[in-house]
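1. Predicted structure and sequence below. I'll ask about it afterward.
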Amino acid sequence: MIGIFCALNATYDVMIGGTPFYFFAVLVLALQSIFALRESERSRNLAGLGLIVLVMGLVYSYGFMFLTHLKAIVLLPSICLTLFGLPSISQHPQKAYLLKTVLLISLIALAAIQYYELSMLKGYYDSLPNNGSWQKYGGL
């Protein structure tokens, strides 16, 4: 449910002229979650590739100081999904339960950061002269 909220929030953010990074990250996280829960080793490797893709996207967008940016929060669910692919964690129920809890908390944090940045973008459009709207100044 939280993942769906993140996806809808990221889509809306792109539609009103925000950064498309969250939309890209949600797509990568969705693919990563599909591959992380499969049994084959190749699928687990693809889940780990999602983490690499997100790090490369952050480095491309923000340089090597990308961990100081709010968007680096997207790495937490990606790291959790990558760790699900490790046999030493997925075969132990206590570790898997703890990892699921951390994944849930990191998705809630991602949703909160997305909502915060969306409200900042809406505030920016409200501050424009003539009651500027996102239709006039933003996307679409």
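-> All right, it came through fine. Not measured: the values here are computed from a predicted model.
2. From the contact counts, what lies against whichever helix or strand Val14 is part of?
-> Under the criterion of DSSP states H and E, Val14 resides in helix 2-15. If contacts are counted by 3 or more Cβ pairs under 8 Å, 6 or more residues apart in numbering; DSSP states H and E, helix 2-15 sits against helix 21-36, helix 93-127. From N, CA and C alone the C-beta is placed, and that goes for glycine too.
3. Report the buried residues of it.
-> Gly3, Cys6, Ala7, Asn9, Ala10, Tyr12, Asp13, Val14 (16 or more other Cβ atoms under 10 Å).
4. Stretch 105-116 now?
-> Ser106, Leu107, Leu110, Ala111, Ile113, Gln114.
5. Contacts for it next, please.
-> Residues outside stretch 105-116 that contact it (Cβ atoms under 8 Å, 6 or more residues apart in numbering) are 2-3, 5-6, 9-10, 13, 22, 70-71, 73-74, 76-77, 80.
6. pull the CA atoms of stretch 72-83 into PDB?
-> The C-alpha coordinates for stretch 72-83 follow below in PDB (Å, rounded to 0.1, in the frame of the first residue of the first chain):
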ATOM      1  CA  ALA A  72      19.300   9.500  -0.900                       C
ATOM      2  CA  ILE A  73      16.500   8.100   1.300                       C
ATOM      3  CA  VAL A  74      15.500   6.000  -1.800                       C
ATOM      4  CA  LEU A  75      18.600   3.900  -1.200                       C
ATOM      5  CA  LEU A  76      17.300   2.500   2.100                       C
ATOM      6  CA  PRO A  77      14.400   0.400   0.500                       C
ATOM      7  CA  SER A  78      16.800  -0.600  -2.300                       C
ATOM      8  CA  ILE A  79      19.400  -1.800   0.200                       C
ATOM      9  CA  CYS A  80      16.700  -3.800   2.000                       C
ATOM     10  CA  LEU A  81      15.500  -5.400  -1.200                       C
ATOM     11  CA  THR A  82      19.000  -6.300  -2.200                       C
ATOM     12  CA  LEU A  83      19.600  -7.900   1.200                       C
END
